[in-house]
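Visitor: Sequence and computational prediction follow.
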Amino acid sequence: MPVSDYQMVKAWDAVLKLSKVERGQKVTILCGPHTHPQTLQTATIAAQAAGAVVTRIDLQPINAEKATSRDLMNYLGETPLTNNPVALAAMKNSDIVLDLMLLLFSPEQMEILESGTKILLAVEPPEVLVRAVPTEADRERVLAASRLLKSAKRMHVTSPAGTDVTFKLGEFPTISEYGFCEEPGRWDHWPSGFLFTFANEGGSDGTIVIDRGDILLPQKNYVSDKITMHLREGFVRSIEGDVDAALLREFMEAYNDPEAYAIAHIGWGMQPRCYWHTLSLVDREATSGQDARAFEGNFLFSLGPNNEAGGPRTTPCHLDIPLRNCTVKLDDVVVVRDGKVIDEAFR
Ligand SMILES: O=c1ccc(O)c[nH]1
């Protein structure tokens, strides 16, 4: 559904207020040729209305020859900010960067955050952004769940499709995403509403079955036949199935990088305003798939880089795979049962 400029400005007003953008603060808007013009224009208006000093930095895209699609998360790590000290200095001297370009998982992003600058990623189209404007209640609920995840030593995930996988936890921090940045040095992604940690190095073992209807990102498709992954000591050792499995194998082989098969972040979705079904309604290239990452009750696992959490892996191959109908246990507490979040577990 089309979004009016007025409605999008109001959405940015809410997000900037939740992110504590105050009069006189420095807001830098990072964009590129793929940035949605309405998102850019309304972000600029809302930042000015908040009394901020607004700078727009427009960077040219890179990696076209390396990626196999135009999806923003098809090739991670190197970004247009790599080897650009001018733009990096501007962002390290800002209070908040509104990232309408996508820096995700880049060393430069880490450097900007370490300087105390906040970064809010927002690359979904306006109709998704206004549907999932974040709230304080989202933050409270995700943080309640993250307190449990932070203390867990083991995650066990099962499903009727045949998933039975165990992850050892504790080496890496827990990352909460609720759509705004209220603290210096915080990164978040609007829309979101999910949380994850990273499995201990070498600490993932078992079987993951990607069932019919589960989603592959950045492919942004619902798999039509089961894909079975066998994991041992933190790496996917085999990917079995029919055409979907063959497509996934070739996608990963194209990176020619053994780190692409490493388990990365693992967690679950808690956003009731994001849905499993929306990917069936949109042009795949119009979204980065945040509905799929955030929908309530998914089990989301990823493969590839773990530098975001301080790990050693920076492979550009990054897969996010949300599964339905899973049961997720932390130590002996069930936090998701058959695809339904158990809020009582966090109280
Ligand atoms: O918001 C995001 C997007 C991708 C990802 O892997 C994590 N969080």
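Guide: Okay, I see it.
Visitor: only C-alpha atoms for contact and neighbour calcs from this point on.
Guide: Noted.
Visitor: A strand includes Glu250, no?
Guide: No: using DSSP: H, G, I helix; E, B strand; the rest coil, the assignment for Glu250 is helix, not a strand.
Visitor: For Phe235, see how far away it is.
Guide: 17 Å (CA to CA, to the nearest Å).
Visitor: With neighbour numbers in mind, choose between those two.
Guide: Phe235 (23 against 11; other CA atoms under 10 Å).
Visitor: So what pairs up with that one in the strands?
Guide: Beta bridges link Phe235 to Arg232, Ala262 when assigned by DSSP bridges.
Visitor: Please tell me I have it right and Asp138 contacts Ser176.
Guide: No: counting by CA atoms under 8 Å, Asp138 does not reach Ser176; the two are 10.5 Å apart.
Visitor: what do those two both touch?
Guide: Gly193 (CA atoms under 8 Å, 6 or more residues apart in numbering).
Visitor: quick one, which of those two is more surrounded?
Guide: Ser176 (23 against 20).
Visitor: show me where the stretch 51-200 of the chain has helices.
Guide: Counting by DSSP state H, counting those that start in this stretch, the stretch 51-200 of the chain has helices at residues 85-92, 107-114, 126-131, 136-151.
Visitor: actually the stretch 201-347 of the chain, sorry about that
Guide: 243-253, 290-294.
Visitor: Quick one: closest of those to Tyr6.
Guide: Closest to Tyr6 of the helices of the stretch 201-347 of the chain is helix 290-294 (CA to CA; 23.3 Å).
Visitor: what helices or strands is that closest one leaning on?
Guide: strand 263-269, strand 319-323 (3 or more CA pairs under 8 Å, 6 or more residues apart in numbering; DSSP states H and E).
Visitor: Tell me who's in contact with the nearest residue to Ser302 once chain neighbours are set aside.
Guide: Computed as CA to CA, 6 or more residues apart in numbering, the closest residue to Ser302 that is not its neighbour in sequence is Asp320, at 4.4 Å. Contact analysis of Asp320 by CA under 8 Å, 6+ apart lists Leu216, Leu217, Pro218, Arg293, Leu300, Phe301, Ser302, Leu303.
Visitor: Sort out which of those residues are in strands and list them.
Guide: Taking DSSP state E, the ones among the contacts of Asp320 that sit in strands are Leu216, Leu300, Phe301, Ser302, Leu303.
Visitor: what's the neighbour count on the first one?
Guide: I take that to be Leu216. Leu216 has 21 nearby residues by other CA under 10 Å.
Visitor: State the distance from it to Thr228.
Guide: 13 Å.
Visitor: What of Ser288?
Guide: Ser288 sits 24 Å away from Thr228, going by CA to CA.
Visitor: Where in the protein is the helix or strand with the lowest mean pLDDT?
Guide: helix 107-114 (a mean of 92; mean pLDDT, DSSP states H and E).
Visitor: by contact count, what packs against that one?
Guide: helix 85-92.
Visitor: got the angle for the helix it packs on vs helix 107-114?
Guide: Using axes from the mean of the first three to the mean of the last three CA atoms, to 10 degrees, the inter-axis angle of helix 85-92 relative to helix 107-114 is 30 degrees.
Visitor: in the stretch 151-300 of the chain, which spans are strands?
Guide: 154-158, 164-168, 175-177, 187-189, 194-198, 204-210, 215-216, 221-222, 227-232, 235-241, 263-269, 299-303 (DSSP state E, counting those that start in this stretch).
Visitor: mind checking which of the ones you listed is nearest Lys66?
Guide: strand 299-303 (18.5 Å).
Visitor: Contact partners for Leu104?
Guide: Met73, Leu76, Gly77.
Visitor: This completes my enquiry, with thanks.
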